[in-house]
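Q: Sequence first, predicted coordinates after that:
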Number of protein chains: 2
Amino acid sequence: MEFYCSQENLLSAITITQRGISNKTTIPVLSGILFSLKDNKLTIKATDLEIAIEYNLTVKGIMDGEIIIQAKIFSDIIRKLPKEEIHFFVTEDKIVYIKSKTISIQITGQNSSEFPEFPKLPDTKVFSISEYIFKSILKQTTISIATEEIRPVLTGVLFQIKNNTFNVVATDGHRLSYRIGIIEEEVVDEIKTIVPGKAVNELQRILVEDEDKNIDIYINKNIIFFVFDQIIFSTRIIEGKYPPYEQIIPKENKTLIKVNTKDFLSAIERAELLSREGTKSLVKLSIKDNKLNITSHNPNLGSSEESLEINKSGDDLIISFNAKLITDCLKVIDSNEIIMEFNGAFNPCVIKPSTEDNFLYLVLPLRTT
Amino acid sequence: MEFYCSQENLLSAITITQRGISNKTTIPVLSGILFSLKDNKLTIKATDLEIAIEYNLTVKGIMDGEIIIQAKIFSDIIRKLPKEEIHFFVTEDKIVYIKSKTISIQITGQNSSEFPEFPKLPDTKVFSISEYIFKSILKQTTISIATEEIRPVLTGVLFQIKNNTFNVVATDGHRLSYRIGIIEEEVVDEIKTIVPGKAVNELQRILVEDEDKNIDIYINKNIIFFVFDQIIFSTRIIEGKYPPYEQIIPKENKTLIKVNTKDFLSAIERAELLSREGTKSLVKLSIKDNKLNITSHNPNLGSSEESLEINKSGDDLIISFNAKLITDCLKVIDSNEIIMEFNGAFNPCVIKPSTEDNFLYLVLPLRTT
């Protein structure tokens, strides 16, 4: 096996592929990356047996072949090489030579036959969506994924595809993210698929915010594939039935306010500093006329109080929240202003951008004692 | 106590002063900052009983007074406030109010009488030096401070002042940094003072690289004071006798090379990746004619080899080093080219910038087996 390629291209490819490797793996071959060269196409693969990442790179191929190389040392080496052409070749006894200018590095490779089989991409994609929009969908929904494994389906995000809508939902039981996407394809039979949180988080890191590029999504039984740029990213789907979220989204409200997103975020972050300690940082919102009063109190530290101008319709209200559940949401809303809809102090509150109708965040209040 | 001041000025002052606080303190009053207002002068003080930092800020004073406030919560609050004027006042029962626009935060202060006494600045300074030069002196010497406490004097840097020279030395037994500074003052009686590593590291973080500003240095028995900007930074001196370093600096050499600093640094960093594992990363330098060959070998990973063009005079040589001791030095030399002077494979090597004659780094080779 032998090829030439640029340091920068190889480094980008490895940095992305490496995200498929688990740091905790105890199976030696899974801490390696598989390199396969056929003509001028270098395929780089890594997997933790749940996520599988394949990266295709055009190189100047000299001799076809396959080799597994330990990911960490290989990426450390490529990162430290000058931005020049790299000459890569493997001897018959699996010694990998990496050469650049007057530099010659040799490391030991492993036989490629031990590398796990990758899932096969189906022939027909389900739908396409712009990378830019898909990244924004993931940003707004991944915040609500459950981190505790008590109900496995909640550790993933629900992809619900029907007709030309693509709904993405995540909830941890305390809050729920619901994001609507429009796709060009007409999907007649409804698809409901739960994608693991770990996979969507990795995917979010790899995706670029490019409005001109599309990501193609394929589903094959229990595997979902994301194909974009030079990458095929696949993951196992979570088996199980996602809870019926539609029925908990309130249709009406007794109080509706509009408030500036950034000002509200800053105010909650300040109040959080003086909120009750422990797992839940309680902050209290008092809505009266056109004022939103935000207060917090920590018996060991002190207290804070501030007020924001708001637009209000409906009843006055006093309601308390875990500050983090509010700030998480405000950080992923781009709109200058948000709408909050309430149904009393004990029912979930809805937060959404004031300018767009494609995102909704539901959050349970805290009961104050 | 009551004053008005800008959020930005107060935040800078606290961020710097807070560096005087130890995270590990078990004495409650030492996790606090003392605020003292007299007319329009706000003095902010923090100490871990070894280092003491005093910051003087001009504010719009309303009523004089003193209060201790817990540093962490106070700096978190000020950091989150808008860039507006802050109204600060303390009630008779030690409640601290921090107000900004429609924000009102209250936290509990502590009686100032418990705060430790600060050392008194002597009347006469010993000498002045530019902040820019002083920062560069610290950068080049702090790398060689011993981190192990076996010989307490080596956990500090030696300040040696005589006539109009200011020499700074640090060594951990494996390498030695020696930097010469020129001062305007004539200091007749030689001063030898060992400043704790922790203090010089903090000082380095606080100093700005400003060629137009001076730092004034005062010494009073066992305390050294650094006065710059609005800051008085003082620290206890380490008692003891610094080892006689002059005699280990070789006067002659059998081999001298000149090599590009950046190329050599990159080469050593690459070689380090494939050097022997464990505490010492052994890299081997082979000097022959006008080539410097850098090799490393790790039986579990592989090996590396590369060569650099050099200017050489004297004997050919093969010598090994702990890679980190070389890279630490190369990172703090600004000159494009360095000079290395050797006296065989078993004696210390000298590294210095090729363009300046004010810095010298001595490093012991490793004996290869």
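A: That came through fine. As the structure is a prediction and not an experimental result, all values here were calculated from the model.
Q: Pull up the residues of chain A that are close to chain B.
A: A:70, A:73, A:76-77, A:80-82, A:95-96, A:101-108, A:266-267, A:269-270, A:273-274, A:301-308 (C-beta under 8 Å from any C-beta of the partner chain). Placement of C-beta: from N, CA and C, glycine included.
Q: Can you turn the buried part of these into a ChimeraX selection?
A: To isolate the buried members of the residues of chain A next to chain B in ChimeraX, using 16 or more other C-beta atoms under 10 Å in any protein chain shown:
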select /A:70,73,76,77,80,81,96,103,104,105,106,107,108,266,267,269,270,273,274,301,302,303,304,305,306,307,308
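Q: mind listing which of the residues of chain A next to chain B are in strands?
A: A:70, A:95-96, A:103-108, A:302-308 (DSSP state E).
Q: And the residues you listed, which two are furthest apart?
A: Using C-beta to C-beta, the pair of these lying farthest apart is A:95 and A:307, separated by 70.2 Å.
Q: Run a quick neighbour tally on residue A:250.
A: Counted with other C-beta atoms under 10 Å in any protein chain shown, residues neighbouring residue A:250 total 15.
Q: Check the secondary structure at it for me.
A: Here residue A:250 is recorded as coil under DSSP: H, G, I helix; E, B strand; the rest coil.
Q: Give the closest residue to it in space, chain neighbours not counted.
A: residue A:343 (5.7 Å; C-beta to C-beta, 6 or more residues apart in numbering or on different chains).
Q: Repeat that for residue A:223.
A: residue A:119 (4.6 Å).
Q: residues in contact with that neighbour?
A: The contact partners of residue A:119, by C-beta atoms under 8 Å, 6 or more residues apart in numbering or on different chains, come to A:52, A:220, A:223, A:225, A:234.
Q: Point me to the helix or strand that includes the last one.
A: In this assignment (DSSP states H and E), residue A:234 forms part of strand A:231-236.
Q: what stretches of chain A score poorly on pLDDT?
A: Applying pLDDT under 70 to chain A flags the ranges A:277-279, A:369.
Q: How is it partitioned into domains?
A: A:2-114, A:128-248, A:255-363 (automatic domain parsing).
Q: what would these look like in CSV with distance to residue B:63?
A: CSV is the format used below for these (distance: least, C-beta to C-beta, whole Å):
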stretch, distance to residue B:63
domain A:2-114, 57
domain A:128-248, 46
domain A:255-363, 21
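Q: what helix or strand does residue A:119 sit in?
A: Here residue A:119 is covered by no helix or strand, with elements defined by DSSP H and E.
Q: How much space separates it from residue A:156?
A: Going from residue A:119 to residue A:156 by C-beta to C-beta, to the nearest Å gives 18 Å.
Q: follow-up on the earlier one: can you put the contacts of residue A:119 in a markdown table and add neighbour count and secondary structure?
A: Below are the contacts of residue A:119 laid out as a markdown table (neighbours: other C-beta atoms under 10 Å in any protein chain shown; DSSP: H, G, I helix; E, B strand; the rest coil):
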| residue | neighbour count | secondary structure |
| --- | --- | --- |
| A:52 | 22 | strand |
| A:220 | 16 | strand |
| A:223 | 18 | strand |
| A:225 | 21 | strand |
| A:234 | 23 | strand |
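Q: Throw these into JSON lines and include distance to residue A:34, thanks.
A: Formatted as JSON lines, these follow (distance: C-beta to C-beta, whole Å):
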{"residue": "A:52", "distance to residue A:34": "11"}
{"residue": "A:220", "distance to residue A:34": "21"}
{"residue": "A:223", "distance to residue A:34": "18"}
{"residue": "A:225", "distance to residue A:34": "18"}
{"residue": "A:234", "distance to residue A:34": "15"}
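Q: any idea which of the residues you listed is closest to chain B?
A: Nearest to chain B, judged by C-beta to the nearest C-beta, of those is residue A:52 at 26.0 Å.
Q: and the residue of the stretch 101-250 of chain A found nearest chain B, what is it in contact with?
A: Minimum separation of the stretch 101-250 of chain A from chain B (C-beta to the nearest C-beta) falls at residue A:107, amounting to 3.4 Å. Taking C-beta under 8 Å, 6+ apart, we find residue A:107 in contact with A:69-70, A:73-74, A:77, A:95-96, A:98, B:274, B:301-302.
Q: right, and residue A:21 touches residue A:31 too?
A: Yes: if you go by C-beta atoms under 8 Å, residue A:21 and residue A:31 touch, sitting 6.1 Å apart.
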